[in-house]
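# everything below, folded, please.
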Amino acid sequence: MDVDDYISIQEEIRVLGTLQINIGIFHLLLGSLCSFIKMIQYPESPTNYKTFILNLKYPLIAAPINIISGIFAIVTERKRRLSLAKMTVGLNIVGIVFSLYGLITLMIEFLSYQSEVLQYSWPDRAIKLLSNYLFFYTVVYTVISWVILRWNHKAMYRPPF
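Residues are numbered from 1 along each chain as shown. The predicted model follows:
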């Protein structure tokens, strides 16, 4: 390994990478559970809760990106190579873009939800609750990715020893 290729990176990135992997798994599970609930739901009626997030498949698309960016964050902390740090930065940028897309989509979905909860059936209310959890995990993922992005950027452009 070349001395110029070695970077000094914070060890906490490994923990944040693990959190990214867990959030990716949560996205996958929440998206699958919402899809299952929507699939077993009664036939479409005007009072059914319209889920934009499931129609656009955000949880199922974002999950692999979250998991892969978390794996690269862990590998970057262990190997401490400049090339891995650049790939981690790129994956986290892609992850942040997808997270912002998901947050905007979830906000549109929340705004379209009518407050008359008595009209909605239990599957509709369950999907709404799962969408709230998805919103929370997406915000947490965005913050974690931003921290990893800043730490990697700081490590890549640090003056040589």
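# please report the distance of Thr142 from Ile108.
Distance of Thr142 to Ile108, given as C-beta to C-beta, to the nearest Å: 17 Å. Heads up, the C-betas are built off the backbone N, CA and C, glycines and all.
# out of those two, which sits in the busier spot?
Using other C-beta atoms under 10 Å, the more surrounded residue of Thr142 and Ile108 is Thr142, with 19 against 12.
# now the more buried one: which helix or strand?
Using DSSP states H and E, Thr142 sits within helix 122-156.
# elements contacting that helix?
If you count contacts as 3 or more C-beta pairs under 8 Å, 6 or more residues apart in numbering; DSSP states H and E, helix 122-156 packs onto helix 12-40, helix 52-55, helix 58-79, helix 82-112.
# packing partners of the longest one?
Helices and strands in packing contact with helix 82-112 are listed as helix 52-55, helix 58-79, helix 122-156; criterion 3+ C-beta pairs under 8 Å, 6+ apart.
# got any ranges where this structure has weak pLDDT?
1-8, 41-56, 113-120, 158-161 (pLDDT under 70).
# out of the helices and strands packed on helix 82-112, which is closest to Leu28?
Closest to Leu28 of the helices and strands packed on helix 82-112 is helix 58-79 (C-beta to C-beta; 3.8 Å).
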